[in-house]
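# coords please:
(one chain, ligands or ions: 1)
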Amino acid sequence: MISFQKTEEQELLLESLREVYKRGNFEDYFKECEKNHQFPEKAAKVMVDAGFAKLGIPEEYGGTACDDLTNVMVHEEAFALGWPSMCWVNQYLAVDDILAFGNEKQKQACLKLGLQGIKPFTFGFTEPQAGSDNSAMAAKVERKDGKVIINGHKTFNSWGNRSPNMLCIVREHKNPNPYKDFSMYLLSLKQPGIQMEKLDKIGNLMVQTFEVYLKDCEVQESDLVGEAGKGFYQLMKNFEAERLIGCTANVGMARCAYNEAVKYAGVREQFGKTIGTFQLIQEKIVDMKIKIENMQNMLYKAAWKKQNGISIMIDSSLVKRYTGQAAFQVIDDAMQIMGGIGYTNDCRVSRLWRDQRVYRIMAGTEEIMVHTAGRALIKEAQKG
Ligand SMILES: Cc1cc2nc3c(=O)[nH]c(=O)nc-3n(C[C@H](O)[C@H](O)[C@H](O)COP(=O)(O)OP(=O)(O)OC[C@H]3O[C@@H](n4cnc5c(N)ncnc54)[C@H](O)[C@@H]3O)c2cc1C
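Presented below is the predicted three-dimensional model:
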């Protein structure tokens, strides 16, 4: 039987995170960073110095061993404390990708950045005509005069201004089957031919997201990540981990909003009573709590499976679809409980409400989660 009761080590780690967070007293700083569309560098440095960026990076690269479930719990806790989503210092996803597919030089370079809490690369997957349909990606790699050249147009590249590289998927035009024609390259963003235009988002304002034009950008054959022609399959593996880590933001942000709303319900008075005495408010609180419990259980089980080498192809889609929608409802209910104050920038719930919405879209929409898990569930049923 699987038990998700936290071990003593996990409790200690989470407690140390709470302590560092509390001491940092970051809330006003986050508000300022959000207003100025700036990454919270100072707060991130505190967390990097406290060792949280190192978790999950193998010891031989200077990191601290940490299993997937524990790292998922740490991410979730950070967001539950109020850390802004998309800004956590630990680079779990990049580390997972590069350990799975990178060569030794790429591992050395990317993990070194990961130790400093720097995202080693932005993900260069989405293109204007290729969102949910990744097989429509058209950026291409060619060999000309002994050089390896990439041309294309990527979009929604988050952290483009803070990452030195892009993990870029390109067509080789060697195989007519698009699924067998993609390759992954680690492309430097600090070279001529790169042009970026910032997108004007409605949430996650501390992270900037760009449209990126790649014109005659040069890479080396040794910049290939994984195997030529296997880029699509590597991307699908990336999505499994990306969906899992996105869910930590869903669960954490939902917990953060829940905690604020429940406290408020216990003190805000209307009609001569605290609003928490009204059953309509209690119903919301109870349903929010049920959703949080369900989200955590699904997430921990998927993380446990991943760390035990069990496929999470289906689980990652189920948990992403469920936590995206459930967290949205929890945060929306929290805003409702807080009334007008919840709709102001003074209240953290308003930031959570804006920031969480993207987790129903990014890294596979909730509709695409039906597309991926639905087919797989039917196929699975035929085996039994
Ligand atoms: C803030 C933000 C950050 C992002 N960061 C990155 C990043 O760093 N790197 C990166 O590569 N990408 C990034 N993305 C892109 C993101 O992954 C895509 O937006 C997402 O995959 C959806 O693609 P799309 O926006 O083109 O929507 P579309 O694919 O055009 O979908 C539009 C609608 O149609 C629905 N739809 C599409 N196909 C189907 C179908 N077969 N069945 C049912 N419904 C369907 C979708 O579910 C959606 O509701 C980011 C996006 C955002 C908003």
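
# okay, helices next: where are they in the stretch 101-250 of the chain?
Listed in chain order, the helices of the stretch 101-250 of the chain (DSSP state H, counting those that start in this stretch) span 104-115, 231-267.

# from those, which stretch is densest packed?
Ranked by mean neighbour count, those are led by helix 231-267 with a mean of 22 (mean count of other Cβ atoms under 10 Å). For every residue, glycine as well, the C-beta is placed using N, CA and C.

# so it, near the ligand or not?
No: Helix 231-267 is not in contact with the ligand by Cβ under 6 Å from any ligand atom; minimum separation 9.0 Å.

# pLDDT of that helix, averaged?
The average pLDDT within helix 231-267 is 97.

# show me what that helix is packed up against.
When contacts are defined as 3 or more Cβ pairs under 8 Å, 6 or more residues apart in numbering; DSSP states H and E, helix 231-267 packs onto helix 68-81, helix 92-101, strand 165-171, strand 182-188, strand 273-274, helix 279-307, helix 313-342, helix 348-356.

# quick check: angle from that helix to helix 68-81?
40 degrees (axes from the mean of the first three to the mean of the last three Cα atoms, to 10 degrees).

# start at 33, not 1
In the new numbering, first residue 33, that becomes helix 263-299.

# what does the helix or strand hosting Val80 rub up against?
Val80 belongs to helix 73-81 when assigned by DSSP states H and E. For helix 73-81, the surrounding residues in contact (Cβ atoms under 8 Å, 6 or more residues apart in numbering) are 52, 56, 58, 61-62, 85, 110, 115, 119-121, 148-149.

# out of these, who's the most crowded?
Neighbour counts for the contacts of helix 73-81, by other Cβ atoms under 10 Å, peak at Ala110, which reaches 27 neighbours.

# surely it meets Trp120?
Yes: taking Cβ atoms under 8 Å as the definition, Ala110 is a contact partner of Trp120 at 5.4 Å.

# thinking again about what came up before, so which of the helices of the stretch 133-282 of the chain gets nearest Phe157?
helix 263-299 (6.4 Å; Cβ to Cβ).

# run the angle between that closest one and helix 380-388 for me.
Calculated by the same axes, to 10 degrees, helix 263-299 forms an angle of 160 degrees with helix 380-388.

# which residues touch Tyr245?
Contacts for Tyr245 (Cβ under 8 Å, 6+ apart) come out as 185, 226-229.

# so which residues on the stretch 183-332 of the chain come close to the ligand?
Counting by Cβ under 6 Å from any ligand atom, the stretch 183-332 of the chain comes close to the ligand at 188-190, 233, 236, 241.

# give me the residue from the stretch 133-282 of the chain nearest the ligand.
Residue nearest to the ligand within the stretch 133-282 of the chain: Gly163 (1.7 Å; Cβ to the nearest ligand atom).

# okay, the contacts of helix 73-81 in JSON lines with distance to Arg203 next?
Below are these laid out as JSON lines (distance: Cβ to Cβ, whole Å):
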{"residue": "Val52", "distance to Arg203": "45"}
{"residue": "Gly56", "distance to Arg203": "45"}
{"residue": "Phe58", "distance to Arg203": "43"}
{"residue": "Tyr61", "distance to Arg203": "43"}
{"residue": "Phe62", "distance to Arg203": "40"}
{"residue": "Ala85", "distance to Arg203": "34"}
{"residue": "Ala110", "distance to Arg203": "37"}
{"residue": "Trp115", "distance to Arg203": "38"}
{"residue": "Cys119", "distance to Arg203": "33"}
{"residue": "Trp120", "distance to Arg203": "33"}
{"residue": "Val121", "distance to Arg203": "34"}
{"residue": "Gln148", "distance to Arg203": "33"}
{"residue": "Gly149", "distance to Arg203": "33"}
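
# which stretch among the helices of the stretch 133-282 of the chain comes nearest Phe71?
With Cβ to Cβ, the closest approach to Phe71 among the helices of the stretch 133-282 of the chain belongs to helix 136-147: 14.6 Å.

# and that closest one, how far out from the chain middle?
Distance, stretch centre to chain centre, for helix 136-147: 19 Å (Cα atoms, centre = their mean, to the nearest Å).

# residue most distant from the centroid, the protein?
Gly304 (43.6 Å; Cα atoms, centre = their mean).

# flag every buried residue along stretch 92-104.
Within stretch 92-104, the residues scored as buried using 16 or more other Cβ atoms under 10 Å are 93, 95, 98-104.

# CSV please, covering these and showing distance to the ligand and pLDDT.
Putting the buried residues of stretch 92-104 into CSV (distance: Cβ to the nearest ligand atom, whole Å; pLDDT from 0 to 100) gives the following:
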residue, distance to the ligand, pLDDT
Tyr93, 24, 98
Gly95, 23, 98
Cys98, 24, 97
Asp99, 26, 97
Asp100, 21, 96
Leu101, 25, 97
Thr102, 25, 98
Asn103, 20, 97
Val104, 20, 98
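
# give the contact list for the residue nearest in space to the middle of the chain.
For the chain, the residue lying nearest the average C-alpha position, counting by Cα atoms, centre = their mean, turns out to be Gly278 (3.8 Å). When contacts are counted by Cβ under 8 Å, 6+ apart, Gly278 touches 352, 356, 391, 394-395.
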